[in-house]
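Enquirer: Provide a 3D model corresponding to the input given below.
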Amino acid sequence: MKTDPHGDFRRKVKQTQKRKLRAQRQGDQGLWFGFGMFGLVGWSVAIPTLVAIAVGIWIDSRFASQYSWTLMMLVIGIAVGCLNAWFWVSRERTNIEEEFHRNQQNDGQKGKKNDS
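Expert: Numbers count the residues shown, from 1 in each chain. Predicted structure coming up:
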């Protein structure tokens, strides 16, 4: 039974080539995806914060209180917005990790078929 002394090297080169081809197919999608994620995170914090401030201003104008509802609602809005942003970022991270693992499994299965 002969073994290929360069088989491991060939497999590594093949995997590297597949990663580069996959990156070329995606093109600038990674850059635009990053900009989109920045926008998504920004808006997911800004919108709840602005809504909460508006509610706080409305409460302050309707009901007299020694506490500023606007400031309390600002803090609540920021907290809700940050939780919202965390949800979106963690969901995207999970999707990226799942795709990475799928690609690794597919590359490994294809490598085994080609080695046979």
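Enquirer: Show me the residue sitting in the middle of this protein in space.
Expert: For the chain, the residue nearest the mean C-alpha position is residue 92 (3.1 Å; Cα atoms, centre = their mean).
Enquirer: what's the longest helix in this protein?
Expert: If you go by DSSP state H, the chain has its longest helix at helix 69-115.
Enquirer: re earlier: list the contacts of the residue nearest to the centre of the chain.
Expert: Residues counted as contacts of residue 92 (Cβ atoms under 8 Å, 6 or more residues apart in numbering) are residue 37. No exception for glycine: its C-beta is placed from N, CA and C like everyone else's.
Enquirer: what pLDDT does it get?
Expert: With respect to pLDDT, residue 92 has a value of 82.
Enquirer: how close does it sit to residue 33?
Expert: Relative to residue 33, residue 92 is positioned 9 Å away (Cβ to Cβ, to the nearest Å).
Enquirer: Please list all residues in contact with residue 49.
Expert: Taking Cβ under 8 Å, 6+ apart, we find residue 49 in contact with 74, 77-78, 81.
Enquirer: Any stretches of the chain with poor pLDDT?
Expert: For the chain, the stretches with pLDDT under 70 are 1-5, 23-31, 107-116.
Enquirer: try it again with 90
Expert: For the chain, the stretches with pLDDT under 90 are 1-42, 64-65, 88-116.
Enquirer: excluding its backbone neighbours, what's nearest residue 57?
Expert: Closest residue in space to residue 57, ignoring its immediate chain neighbours: residue 70 at 5.3 Å, by Cβ to Cβ, 6 or more residues apart in numbering.
Enquirer: so how far is residue 77 from that neighbour?
Expert: From residue 70 to residue 77 the distance is 10 Å (Cβ to Cβ).
Enquirer: which neighbours do the two share?
Expert: Joint contacts of residue 70 and residue 77 (Cβ under 8 Å, 6+ apart) are residue 53.
Enquirer: Give the residue from the two that has the larger number of neighbours.
Expert: Per other Cβ atoms under 10 Å, whichever of residue 70 and residue 77 has more neighbours is residue 77, with 22 against 17.
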